[in-house]
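Visitor: generate coordinates for the sequence data below:
(chains A and B)
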Amino acid sequence: MIKFENVTKHYNRSKALDGINLDIHHGEFISLVGLSGAGKTTLMKLLIGEEGIDGGRILIDDIDIAKVKKSDMPFLRRKIGMVFQDIKLLPKRTAFENVAFAMEVCGHRKEKISEDVPKILELVGLLHKRDNFPHQMSGGEKQRVAIARALAHRPVLLLADEPTGNLDEVNANEVIDLLLKINQLGTTVVLATHAADLVNKVKKRVITIENGKITFQQEKGKYKL
Amino acid sequence: MFYSVSFLRVIKTGFVNFVRNLWLSAAATMVMTITLVILATLFLLFAVTNFSLKSIQNTVDISVYFKIGLAEEKISALQQQIQSNPKVKEVKYTSAEEAFKNFKERHSDDLLITQSLNELTENPLPATINIKAYNLEDYPGIASQLQDAKYQEVVDKINFEDNRVIIERLNKILKFIVSFGIGLVAVFSLIAILVIFNTITLTIYNRREEVEIMRLVGATNWYIRGPFLTESFLYAISATVLCALIFLPVFIKILPKVAAYVNPQMTFFNQNIFNFWYLVLILFVVSLILAMSSTLLAIRKYLKI
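Guide: Now for the predicted structure:
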């Protein structure tokens, strides 16, 4: 599904990614581990076309990302959901409206939105908080709303960049459980984290990145630096 | 269907932005309105001066009075000569009989003149020709040409009322209006562009989170840019409407009076340039260009897509 072929990325003179070769298959759950600055976020940014690559190529379902026109990028992004450590919910919108926003901006009709959003909120277990504003929810709940928003377009790939970084253990576990559930429903998930206990709990394929290079890969692996 | 829903949402978001930053929007609209008012004032000043100039230009001509009893052939030969001059626009011949008839008609109410005329045995009035040139500058040349020695035996008198002093003064005013006006409009346009640029930049800044999320969830580039363009369209249209409201009374009350004062024979509104809607259209186009260019600049500089 996703193929990294000798991908290189520089920031000024420092190498953020250095000759990455990686295959991610449909329906996989990948834990991407590494210290801060190892290149995890860069790798995700390349996948959604936020940054351009300097060498090699990235294929998503045989489409070369570098060749996607700027005007077509939004349509690629609709196939990829993204969740961040800083959550990025709109503070003046309720949980429902935050999820609906993702559908609105892509031109979905009101009826479709009011039909789909409750289903997605139910999936993340927050239907009862649909009218709550972000400040009325816990960190974990907010992150689950963000995941619901990322799911609004039924993406084939969900990228989660340190989604538990700001959460306590209970909330972090809830988020990870939700990601596993989404994965079970068929969505490919890439989780970037440096929380060893969560990776060990997940027991899925682990990829370790260090200084922009993949240094370790293991199926059903454990956290390893 | 997808696109029409998006289009409506873009328009709605633009409206919401406009209303939410009402003071900023008001400032942007005001600066734009001032620019348009200056432009419209200059436009009208130019039009009025031009109108006056045309009215005066129409009154300028050269009258050539021939010697009494001159044979028609000689007159028509001269007439042809004058006509062949490329600078001459029109030559109108009035024969002595016609002149006499016209004179009689004009004074038919005056008993004394009529009686005196009846006592005359021969026509005291000369034949005349009336010359109009294409350009104002050509009149002195044509007049002096007719004073040439070879015409002395046929031409009795040349009457050339030189309105050129007034005309030149009007021309100067016109040139001043144009140059000064262009400068003033340029300065205010620049101010309007800067103010709108700032307003849109602030809106972009206020909505940065929303824009970032829009990008991440796959909104198209035009969906993200659209509300800002809508907002600037609203500045343009509000400024045009305000300016039109200011100038409507001028058009209805003042301009016809000015026109009547300058030249009672010519009507003001049958000329295209004085059409109110024509002016409004020009103002709208100008304001749209100003608003859109500054918005596109701000988008290009600050809106990361």
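
Visitor: next, count neighbours for the closest residue to B:E72 other than its chain neighbours.
Guide: Closest residue to B:E72 apart from its sequence neighbours, by C-beta to C-beta, 6 or more residues apart in numbering or on different chains: B:S95 at 7.5 Å. Every C-beta, even on glycine, is put in place using the N, C-alpha and C of the backbone. Here the count is done by other C-beta atoms under 10 Å in any protein chain shown, and B:S95 has 16 residues near it.

Visitor: now do the most centrally placed residue in chain A against A:D116, distance only.
Guide: The centroid of chain A falls nearest to A:L159 when counting by C-alpha atoms, centre = their mean (1.5 Å). The gap separating A:L159 from A:D116 is 21 Å, by C-beta to C-beta, to the nearest Å.

Visitor: B:T49 now?
Guide: Counting by C-beta to C-beta, the gap from B:T49 to A:D116 is 66 Å.

Visitor: could you do B:E90 as well?
Guide: B:E90 sits 80 Å away from A:D116 when distances are taken as C-beta to C-beta.

Visitor: mind pulling up the phi and psi values for B:R300?
Guide: Note on B:R300: its backbone torsions stand at phi -60, psi -40 [degrees, to the nearest 10].

Visitor: tally of neighbours for it?
Guide: B:R300 has 10 neighbours, counted by other C-beta under 10 Å.

Visitor: show me which of B:E90 and A:D116 is the more surrounded one.
Guide: A direct count of neighbours by other C-beta under 10 Å for B:E90 and A:D116 places A:D116 higher, at 18 against 11.

Visitor: wait, the more buried one sits on A:A152?
Guide: Yes - counting by C-beta atoms under 8 Å, A:A152 is a contact partner of A:D116 at 7.2 Å.

Visitor: which helix or strand lies directly C-terminal to the helix or strand harbouring B:A186?
Guide: According to DSSP states H and E, B:A186 maps onto helix B:164-206. Downstream of helix B:164-206, the first helix or strand assigned by DSSP H and E is helix B:208-216.

Visitor: ok, residues contacting that next one?
Guide: A:48, A:74, A:77, A:82, A:88, A:90, A:101-102, A:105, A:149, B:204, B:223-224, B:303-305 (C-beta atoms under 8 Å, 6 or more residues apart in numbering or on different chains).

Visitor: and it, what's buried?
Guide: B:210-211, B:213-216 (16 or more other C-beta atoms under 10 Å in any protein chain shown).

Visitor: what's the biggest helix by length in chain A packed up against?
Guide: In chain A, assigned by DSSP state H, the helix with the most residues is helix A:169-184. If contacts are counted by 3 or more C-beta pairs under 8 Å, 6 or more residues apart in numbering or on different chains; DSSP states H and E, helix A:169-184 sits against strand A:29-33, helix A:139-151, strand A:157-161, strand A:188-193, helix A:196-202.

Visitor: among the ones you listed, which comes closest to B:L36?
Guide: Nearest to B:L36 among the helices and strands packed on helix A:169-184 is helix A:139-151; the distance by C-beta to C-beta comes to 43.5 Å.

Visitor: poorly predicted segments of the chain, please.
Guide: Picking chain A for this. Along chain A, the model assigns pLDDT under 70 to no residue.

Visitor: if you could check chain B rather than the one you did, that'd help
Guide: B:1-3, B:161-164, B:263-274.

Visitor: what residue in the stretch 51-200 of chain B comes nearest to chain A?
Guide: Proximity of the stretch 51-200 of chain B to chain A (C-beta to the nearest C-beta) peaks at B:I200, 19.5 Å away.

Visitor: what sits against that residue?
Guide: With C-beta under 8 Å, 6+ apart, B:I200 has these contacts: B:228, B:231-232, B:294-295, B:298-299.

Visitor: sitting in helices, which of the residues you listed do you find?
Guide: Checked against DSSP H, the contacts of B:I200 include these in helices: B:228, B:231-232, B:294-295, B:298-299.

Visitor: contacts only, for the residue nearest to the centre of chain A.
Guide: Contacts of A:L159 by C-beta under 8 Å, 6+ apart are A:44, A:47-48, A:80-83, A:190, A:192.

Visitor: that one bridge partners, please.
Guide: A:M82, A:V190 (DSSP bridges).

Visitor: do you know how far it is from chain B?
Guide: 10 Å (C-beta to the nearest C-beta, to the nearest Å).

Visitor: what's the burial count for B:G14?
Guide: 20.

Visitor: ok, now B:S25?
Guide: Residues near B:S25, counting by other C-beta under 10 Å: 20.

Visitor: could you do B:V37 as well?
Guide: Counted with other C-beta under 10 Å, B:V37 comes out at 17.

Visitor: what helix or strand does it sit in?
Guide: Counting by DSSP H and E, B:V37 is part of helix B:22-59.

Visitor: who are the packing partners of that helix?
Guide: Identification of packing neighbours for helix B:22-59 by 3+ C-beta pairs under 8 Å, 6+ apart yields helix B:164-206, helix B:221-249, helix B:255-262, helix B:276-302.

Visitor: now, of those helices, which is deepest in the fold?
Guide: helix B:221-249 (a mean of 20; mean count of other C-beta atoms under 10 Å in any protein chain shown).

Visitor: compute the inter-axis angle for it and helix B:164-206.
Guide: 140 degrees (axes from the mean of the first three to the mean of the last three C-alpha atoms, to 10 degrees).

Visitor: distance from helix B:221-249 to the middle of the chain?
Guide: Averaging C-alpha positions (C-alpha atoms, centre = their mean, to the nearest Å) puts helix B:221-249 25 Å from its chain's average.
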